[in-house]
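Trainee: What follows is a predicted protein model with its sequence.
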Amino acid sequence: NAGVMQNPRHLVRRRGQEARLRCSPMKGHSHVYWYRQLPEEGLKFMVYLQKENIIDESGMPKERFSAEFPKEGPSILRIQQVVRGDSAAYFCASSPGGGGNQPQHFGDGTRLSIL
Amino acid sequence: AQSVTQLDSHVSVSEGTPVLLRCNYSSSYSPSLFWYVQHPNKGLQLLLKYTSAATLVKGINGFEAEFKKSETSFHLTKPSAHMSDAAEYFCVVSAGGATNKLIFGTGTLLAVQP
């Protein structure tokens, strides 16, 4: 499968635990984006990364959320001390370049449920 | 700032009849616009994109969209709906500039009746 791979597909955490979401971009893509889809809402941008660099994190909550895209390995979205409001579907997308006309290709998402 | 407004949250059509999903955009410059489709519990699939070439854009699965600058619209159409078209559709604009972030509409849920 040459598409964007996200895992796990479903993740259940208790309040206060940590959640780690992983994303492997399409082959040849060096730009990764994370979006969050809250229930009954559209997708909202969180963060845009290139290898080892955060380019735009204007959509990230100020606390508890972090993202990285290391030189080797997948991109990771990390949520510390999760709360009920973090329950959502988290989608990763990738593109080969950073231009505004570059379409982004999405993974199937990670559904995060907080007990 | 860029934004998109999807005018209908739900659309219901009969199989074999035309589909029209409406989207208006707001942009201070020539926008890059996209339509994505999301089937239940799946990711988003790109249907088509407009990037200032032809104003009538043809996409996958028989969908097309027309960019109308005078009306600031980018409506999605299909001549004949199929049951498999039932899904949620998102009109999307690229924020442009140094970031490539996408700005999503609130979505239109398309139901196709047999």
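Mentor: Perfect, thanks for sending it.
Trainee: Below-threshold pLDDT in the chain: ranges please.
Mentor: Unless you meant another one, I'm taking chain A. When residues are selected by pLDDT under 70, those of chain A lie in A:1, A:99-100.
Trainee: that's the other chain; I wanted chain B
Mentor: For chain B (pLDDT under 70), the answer is none.
Trainee: can you name the farthest residue from the center of it?
Mentor: B:A98 (23.9 Å; Cα atoms, centre = their mean).
Trainee: Please tell me I have it right and that residue contacts A:Y48.
Mentor: No. Assessed by Cβ atoms under 8 Å, B:A98 is found out of contact with A:Y48, at 9.3 Å. All C-beta spots, glycine's among them, are computed from the backbone N, C-alpha and C.
Trainee: check contacts around the residue nearest the centre of chain A.
Mentor: Of all residues in chain A, the one closest to the mean position by Cα atoms, centre = their mean is A:W34, 3.5 Å from it. By Cβ atoms under 8 Å, 6 or more residues apart in numbering or on different chains, A:W34 lies in contact with A:23, A:45-47, A:67, A:75, A:77, A:90-93.
Trainee: Pick the one among these closest to chain B.
Mentor: Nearest to chain B among the contacts of A:W34 is A:F45, at 4.1 Å by Cβ to the nearest Cβ.
Trainee: Make sure that closest one is actually in contact with B:L102.
Mentor: Yes. Counting by Cβ under 8 Å, B:L102 is a contact partner of A:F45 at 6.5 Å.
Trainee: still on that earlier bit, shared neighbours of B:A98 and A:Y48, anything?
Mentor: By the contact definition Cβ under 8 Å, 6+ apart, B:A98 and A:Y48 are jointly contacted by A:55-56.
Trainee: What's the separation between the residue farthest from the centre of chain B and A:Q50?
Mentor: 12 Å (Cβ to Cβ, to the nearest Å).
Trainee: Quick check: closest non-adjacent residue to the residue most central in space within chain B.
Mentor: Per Cα atoms, centre = their mean, the C-alpha nearest to the average position across chain B is that of B:W35, at 3.4 Å. Excluding the flanking residues, the one nearest B:W35 by Cβ to Cβ, 6 or more residues apart in numbering or on different chains is B:L47, at 4.4 Å.
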